[in-house]
Structures are given as C-alpha cells and as structure tokens.
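A.B. asks: Structure of the sequence below:
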Amino acid sequence: MPDDDFIDLLKLLVRQPSVVGAEHSFFRVLQRELEERWAKITWYEGLLVAQGSDPFSTMFSAHIDRHGLVCTGPNEFQYAAFVSANRTDLLNNSVSEELMSKVTEHFNHEEVYAYEPWSGVYRGKGVIKKSYVCEFRNNLILEIDGLESVVAGTPIAFKDQLISLAWVIPNNRIHQPKW
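C.D. replies: Sure, this is the predicted structure:
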C-alpha cells in the first residue's frame, strides 16, 4: 500500500490546476517535486522529462491536462478543449454542434476558479449559471457568476472534488483511506 508521503504528493498534484492549454503552472509544481527527489528535469514545448540516476531502468508517460474553461473576452468563457488546437476531438474530427449541445446542461451550477496560467496563482472563484451554443461562433459559451473581472486568456479550472482515493490491494479487496 502507498505510504503517507506518496498520498500527500498525489493530493498536492490533484489540487494543482492544469486546464487544457494552460499546464505550465502544473509543470512548475511537478518539476519542484521531482527535483526534491533528485531527478534531472528537461523542458520541451508541452513536455517535461524527468531522469533519475538510472534513467533507462523505468519509464513513465503521463497526460496531465484536464477539462476546464478559458476566458475569451469580457465575461465570456468557452470550453478550453473546444478552443485549443483548432477545436478537434482526439480523432482529429471537428467538434460537432451535436456534441456541444449535449454538454450545455452538464456544467450548470459547477464551482470554478480562475488562476494565472504561468504561476498558478488563484485569481477568483465563481459558479457556472448557464451555457449555450453561440450560433455566430459555433462554439459553447458559458456564463459564470463571480468572475466578471477576469481577463481574456485566463484559464478557469473546475473545483477539485478529491475526497479520498481507493486503493486496490491483493485479493481484489479495496482499501479506502480515511482523510
């Protein structure tokens, strides 16, 4: 079973925002944690490589961004995945109006918070009150109470919902830590 230090590290990483297109602040936290564990860090565009004392003994590959929003104008917010990388899905197909329509109700009443994309500094919190497909932009627009002063380019993360982790241990039993 993972030790308490590992669990604490996971909690720290899950709490750090990493909205699509604004992962830099997460990389900075991850870099610090890896360097404290004696890893050598190399940065590439959109990629962080960590090497230990025996770099070819074990290799991991991970994807760290998560869904979120981005401010695209005065009190205007759009789903980050639909505005980054030419609005395509993982198969390089354009995001359909049908998909956008399906997710419009999904985000209502969700708590969100704005953060500075380079440092991760908290900029404010709000609640999604409404979302709809804009016929002129053919994109999903969200209205948020509480983030009226946020400037364009600011990433908006969904409030993390980490309550506890369940660990599967031998014999297919589940151990649920109490935090």
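A.B. asks: check contacts around residue 75.
C.D. replies: 143-144, 147-148, 150 (CB atoms under 8 Å, 6 or more residues apart in numbering). Bear in mind the C-beta positions are built from the backbone N, C-alpha and C, glycine included.
A.B. asks: Which ones among the residues you listed lie within strands?
C.D. replies: Under the assignment DSSP state E, these contribute 143-144 to strands.
A.B. asks: so where's this protein shaky on pLDDT?
C.D. replies: 1, 63, 84-97, 138, 161-179 (pLDDT under 70).
A.B. asks: That one: strands as residue ranges?
C.D. replies: 40-44, 47-51, 68-73, 76-79, 111-115, 122-134, 139-145, 155-158, 167-169, 173-175.
A.B. asks: right, and the ones you listed - which one's nearest residue 34?
C.D. replies: strand 47-51 (4.6 Å; CB to CB).
A.B. asks: Show me what counts as buried in that closest one.
C.D. replies: By neighbour count on 16 or more other CB atoms under 10 Å, the buried set for strand 47-51 is 48, 50.
A.B. asks: who does it pair up with?
C.D. replies: Strand 47-51 pairs in its sheet with strand 40-44 (antiparallel), by DSSP bridges.
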